[in-house]
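# Below are the sequence and a predicted model for it; my questions follow.
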Amino acid sequence: MALLEVKNLSIDLGEFHLRNISLTVEKKDYLAVIGPTGSGKSVLLEAIAGFYPTKAGRIILDGRDITTLPPEKRGISIVYQDFMLFPHLNVFDNIAFGLRKITSSKVEIEREVKTIAEKLHIDHIFHRKVSTLSGGEKQRVAIARALVVRPRILLMDEPFSALDEKTRENLRAIVKKAVREYDTIHDTAVVHVTHDFEDVFALANKVVVMNAGKVVQIGTVEDIFCKPTSDFVADFVGTNFVRGKVLESSDITAVRVGNVVIYTTDVAKPGIEVTLSIRPEAIILARELGESSAQNILPARVMKIRKRGHLLWLILDVDGLMLRAVITPNAAELLGIKEGVKLYTMFKASNVRVVG
């Protein structure tokens, strides 16, 4: 039995609708919810939490129908981007706030707060007011407050987006470990709304892609990023999605795509049309040819450079085939990459997937 089942859920907010959302979350799952701004990700999270009345559908948690239960009766915690801590309370009392509604035992409260605070590396700042904390410390306090009540589901809405990159990296590792180790009895699952694909790669084992109030694909991280089922998903996650004809297939399959031949380790029948997916981060760039284990080595020209977050996205013209690649600003500077520059693209056959 799934831990959480959302069955044909519809929410009507007047100007926005969730439409027939269905998904399941198993114990210990870390589910990332991604999609463009305005796709309904946060509405879905808050509907699960109980903040909106449902127009249709059901929400089942641990076999119990919680569709009409108020938020405090659901066994669900939620963490937001902006922390939402109580400014008049110190760190200890912020963490203990929800726990005090469950138990009056001072010994139990102190034990539980200390345990989760140790997991999140904030047990040394119990006495401090939240106004004195860094952004990373504030978010760890908010997560501790959410976890200390041992929820069945932890919901997180862009929890790291207000933090700098280094803090985000550290917090991902800390949070993943804390969730897994703190509540081994209940096997808490996480549903995490994010715009940052690094959150997905570092944390998630399952991904939901949303668009215009609908779920458009559910799958593993590899499914979503390497085997998108639609042009929308492929474009959103940045996957190169190209179509060609299989020339031959043995240990390695050769596929003609326009004027170039691309090699993949996936098997396909010679003569048929197939769709290939190539992740941008799997493409290595070089100004000169050198030794490489990559089976695909193709000359290209940089057509466009776009900055997204801490990475540069390149649009490459590979003899008429347009491919996307990603590179760090430092690497681009070292390679002298700018629009119009000629270079070589290299990617392994194992990083080319036949998806249709």
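Received the coordinates, thanks.

# per-residue confidence at the closest residue to G238 other than its chain neighbours?
Spatially, and ignoring its direct neighbours in sequence, G238 is nearest to P280 (5.3 Å; C-beta to C-beta, 6 or more residues apart in numbering). C-betas here are computed from N, CA, C, even on glycine. At P280, the model reports a pLDDT of 91.

# before we move on, what about E15?
pLDDT, read off for E15, is 86.

# Run a quick neighbour tally on it.
5 (other C-beta atoms under 10 Å).

# Could you confirm it falls within a strand?
No - membership of E15 in a strand is not supported by DSSP: H, G, I helix; E, B strand; the rest coil, which gives coil.

# circling back: who's in contact with the residue nearest to G238?
Contacts for P280 were tallied using C-beta atoms under 8 Å, 6 or more residues apart in numbering; they are 238-240, 313, 323-326.

# mind redoing it with 6 Å?
238, 324-326 (C-beta atoms under 6 Å, 6 or more residues apart in numbering).

# Could you do A2 as well?
24, 26.

# which SS state does it fall under?
coil.

# Phi, psi for it please.
The phi and psi values for A2, taken as degrees, to the nearest 10, are phi -70, psi 150.

# Relative to I153, how far out is it?
11 Å (C-beta to C-beta, to the nearest Å).

# which stretches of this protein aren't confidently modelled?
In the predicted model, the chain carries pLDDT under 70 at residues 183-186, 309.

# Residue ranges of each domain in it, please.
4-232, 238-354 (automatic domain parsing).

# Of those, which stretch is the most buried?
The highest average neighbour count among these, using mean count of other C-beta atoms under 10 Å, belongs to domain 4-232 at a mean of 18.

# residue closest to the middle of the protein?
Geometric centre of the chain, nearest residue: V200, 2.7 Å, by C-alpha atoms, centre = their mean.

# I'd assumed that residue was in a helix, is it?
Yes - under three-state DSSP, V200 falls within a helix.

# Verify the stated contact: it with Y30.
No - taking C-beta atoms under 6 Å as the definition, V200 is not a contact partner of Y30, at 9.5 Å.

# thinking V190 is in contact with Y30, fair?
Yes - between V190 and Y30 there is a contact under C-beta under 6 Å: 4.8 Å.

# Direction included, what does the lengthiest strand in the chain pair against?
As assigned by DSSP state E, the longest strand anywhere in the chain is strand 296-308. Paired neighbours of strand 296-308 in the sheet (DSSP bridges): strand 311-318 (antiparallel), strand 342-347 (antiparallel).

# Measure how far stretch 44-63 is from the centre of its chain, please.
Relative to its chain's centre, stretch 44-63 lies at 21 Å (C-alpha atoms, centre = their mean, to the nearest Å).

# Can you pull out the residues in contact with it?
Contacts for stretch 44-63 (C-beta under 6 Å, 6+ apart): 1, 4-12, 65-67, 70-71, 74, 76, 78, 152, 155, 157, 193.

# can we see that at 7 Å?
Identification of contacts with stretch 44-63 by C-beta atoms under 7 Å, 6 or more residues apart in numbering yields 1, 3-12, 18, 21, 33, 65-67, 69-71, 74-76, 78, 152-153, 155, 157, 191, 193.

# ok, which stretches of the stretch 201-350 of the chain are helices?
221-226, 231-237, 329-335 (DSSP state H, counting those that start in this stretch).

# Now render these as a markdown table, adding distance to K304.
Below are the helices of the stretch 201-350 of the chain laid out as a markdown table (distance: least, C-beta to C-beta, whole Å):
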| stretch | distance to K304 |
| --- | --- |
| helix 221-226 | 22 |
| helix 231-237 | 15 |
| helix 329-335 | 13 |
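
# returning to that earlier point: contacts for the longest strand of the chain?
260, 262-263, 312-318, 337-347, 349.

# Need the phi and psi values for the nearest residue to D319 once chain neighbours are set aside.
With sequence-adjacent residues excluded and distances taken as C-beta to C-beta, 6+ apart, D319 is closest to N259, at 4.4 Å. With angles defined as degrees, to the nearest 10, N259 sits at phi -100, psi 0.

# Would you confirm that N259 contacts G320?
Yes - at 5.3 Å, N259 counts as touching G320 under the criterion of C-beta atoms under 7 Å.

# Show me what the longest helix anywhere in the chain packs onto, helices and strands only.
Using DSSP state H, we find that the single longest helix of the chain is helix 165-182. When contacts are defined as 3 or more C-beta pairs under 7 Å, 6 or more residues apart in numbering; DSSP states H and E, helix 165-182 sits against helix 106-119, helix 135-147, helix 197-203.

# same for the longest one, what does it pack against?
When you say that, I think you mean helix 106-119. helix 91-96, helix 135-147, helix 165-182.

# can you list those in CSV and add distance to V113?
Formatted as CSV, the helices and strands packed on helix 106-119 follow (distance: least, C-beta to C-beta, whole Å):
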stretch, distance to V113
helix 91-96, 5
helix 135-147, 8
helix 165-182, 12
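
# for those, which one sits closest to S293?
helix 165-182 (28.4 Å; C-beta to C-beta).
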